[in-house]
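Q: what would the 3D arrangement of this be:
(chains A and B)
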Protein chains: 2
Amino acid sequence: MTRIVELRQGILKKNDELAAGLRASYAAAGVLVLNLVSSPGTGKTAFLERTLFELRKRGARVAALVGDLETDNDARRLAASGAPVRQINTHGICHLDAEMIGKHLDGWEDVSLGGVALGGLDYLFIENVGNLVCPSSYDLGERIRVALLSVTEGEDKPLKYPTLFNSADAAVITKIDLAAPCEFDRGLALKNINEIRPGIRIFETSAKTGAGMEEWLGYLAEQRDRQ
Amino acid sequence: MTRIVELRQGILKKNDELAAGLRASYAAAGVLVLNLVSSPGTGKTAFLERTLFELRKRGARVAALVGDLETDNDARRLAASGAPVRQINTHGICHLDAEMIGKHLDGWEDVSLGGVALGGLDYLFIENVGNLVCPSSYDLGERIRVALLSVTEGEDKPLKYPTLFNSADAAVITKIDLAAPCEFDRGLALKNINEIRPGIRIFETSAKTGAGMEEWLGYLAEQRDRQ
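A: Just a heads-up that it's a prediction; the model follows:
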């Protein structure tokens, strides 16, 4: 076991170093980078789709990297917003790491991606592989880590997956249009999130109805201005 | 990378050996063992709660092991069925492995668990950590691996997480009472599951209304008889 723990620490250490390099590049380019983490099926893609669409409507320059084990379904969905999007297929790996991000940012100026270089961006969103556990350990150099949780998943998720919520800068509750049929206990969910990460900013949203999106976009603009 | 791959193969090989031992013990004891795998929030616990309750009502001798990173919430929920239940807290590990199962079966005859020894059981259910990726690689010696998917998660999950669905013996669609508000495309979900694992048995269930539970219980009895 000692050897495995040491190796794991080595991998994370290497990742942290690469992430620090990425963080410096993002800062130099003046782009606000967010890492979206949740369980599969929380609705990260729908939420991001709406976010990209709304930001573009407001004239912001946005792009996205999206991680999945297989398929480019999510990249195709997100590209419909008009933003440059790249799919990262991890082929069995359960999280994104800094090395994958670095590789997929290389040549981002590619014409097929709309000629957008990192320096020309206001926001870069990274949609992680759907997983509440492993992505928590891998820093991608992001400035804001967002933990998403849908009303369909049960209010106890923050308590059962504390590492993610504890390392998040913002929490987004998704699919609130389904709160009633799911008998979602809003008070309990907010209490549980706050128990793990006291005082964290929480957004209650529906990508379908648009509820909560204004507040979320306000937060993004505010964070962008603080760059 | 070679060193990591080799080490990972070593870990999985060791797990496979332990799992083979468990499989032999289960067979000798005449207990049907099932491993339930899904994303967090799919409703594994609610589904298992109802399964335990219905099986006990029919006179079956059942028990459960339940894996979570933290908390014993699920064990407490499942214990309400009257069945002996043990919580496995993995403290950061994203899956159950054969060693954890072996350890938690030791002394299962403990009085506080109702004096039920493995040999006195008809069914043992293992509820895995909520994760669609990592548990796929870890054999727990189970005879039946069940992949669960809720109508709230999106129909493309089998395509995006093929390893789990490809290694499963049965698929359970949960929360079908929410199919309408979620605009669940049943045909597409069935098509996607069948694309990854042609001919797999699929159950469409609601732990809330009891829909589909009779068919599922019939399948369990049928598999139990084939022991």
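Q: in chain A, which spans are strands?
A: Ranges of strands within chain A are A:32-37, A:62-68, A:85-89, A:123-127, A:144-150, A:170-174, A:201-204, based on DSSP state E.
Q: select, out of those strands, the one closest to B:Leu188.
A: Counting by CB to CB, B:Leu188 lies closest to strand A:62-68 out of the strands of chain A; the figure is 17.6 Å. C-beta: built from backbone N, CA, C; applies to glycine.
Q: close to chain B, is the closest one?
A: Yes. Using CB under 8 Å from any CB of the partner chain, strand A:62-68 reaches chain B at A:Asp68.
Q: output the contacting helices and strands for that strand.
A: Applying 3 or more CB pairs under 8 Å, 6 or more residues apart in numbering or on different chains; DSSP states H and E, one finds that strand A:62-68 contacts helix A:44-57, helix A:73-79, strand A:85-89, helix A:98-105, strand A:123-127.
Q: make CSV out of the ones you listed and add mean neighbour count and mean pLDDT.
A: Shown next, in CSV, are these (neighbours: other CB atoms under 10 Å in any protein chain shown; pLDDT from 0 to 100):
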stretch, mean neighbour count, mean pLDDT
helix A:44-57, 21, 97
helix A:73-79, 19, 95
strand A:85-89, 20, 93
helix A:98-105, 18, 92
strand A:123-127, 25, 97
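Q: for A:Ala20, find the nearest of those.
A: So among the helices and strands packed on strand A:62-68, helix A:98-105 is nearest, using CB to CB, at 8.6 Å.
Q: and that closest one, anywhere near chain B?
A: No. Against chain B, helix A:98-105 shows no contacts by CB under 8 Å from any CB, the least distance being 10.4 Å.
Q: and chain A, which residues reach chain B?
A: So chain A meets chain B at A:3-4, A:7, A:11, A:39-43, A:68-71, A:73, A:92, A:94, A:129-134, A:150, A:152-154, A:156-157, A:159-163, A:175, A:178, A:181-182 (CB under 8 Å from any CB).
Q: just the buried residues from those, in PyMOL please.
A: Per 16 or more other CB atoms under 10 Å in any protein chain shown, the buried members of the residues of chain A next to chain B correspond to this PyMOL selection:
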select buried, chain A and resi 39+40+41+42+43+68+69+73+94+129+130+131+132+133+134+150+152+153+154+156+157+159+160+161+162+163+175+178+181+182
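Q: any idea what the residue most central in space within chain A is bridged to?
A: Centroid-nearest residue in chain A: A:Leu36, 1.2 Å away (criterion: CA atoms, centre = their mean). With DSSP bridges as the criterion, A:Leu36 is bridged to A:Glu127, A:Val146.
Q: quick one: contacts for A:Asp16?
A: A:Asp16 makes contact with A:Ala98, A:Asp139, according to CB atoms under 8 Å, 6 or more residues apart in numbering or on different chains.
Q: how close does it get to chain B?
A: 17 Å (CB to the nearest CB, to the nearest Å).
Q: what's the pLDDT at that residue?
A: Predicted confidence (pLDDT) for A:Asp16: 95.
Q: A:His95 too?
A: For A:His95, the model assigns a pLDDT of 95.
Q: thought A:Leu220 was touching A:Leu52?
A: No. Counting by CB atoms under 8 Å, A:Leu52 is not a contact partner of A:Leu220; they are 11.1 Å apart.
Q: for chain A, what are the low-confidence residue spans?
A: Across chain A, the ranges flagged by pLDDT under 70 are A:1-5, A:108-117.
Q: one step back: how much space between the residue nearest to the centre of chain A and A:His95?
A: Per CB to CB, to the nearest Å, A:Leu36 is found 13 Å from A:His95.
Q: mind listing the shared neighbours of these two?
A: By CB under 8 Å, 6+ apart, the residues touching both A:Leu36 and A:His95 are A:Asn128.
Q: how far does stretch A:22-37 sit from its chain's centre?
A: Mean-position distance between stretch A:22-37 and its chain equals 12 Å (CA atoms, centre = their mean, to the nearest Å).
Q: and that stretch, end to end?
A: 18 Å (CA to CA, to the nearest Å).
Q: ok, which of the helices and strands packed on strand A:62-68 comes nearest B:Ala211?
A: Short answer: helix A:44-57, nearest of the helices and strands packed on strand A:62-68 by CB to CB, at 26.4 Å.
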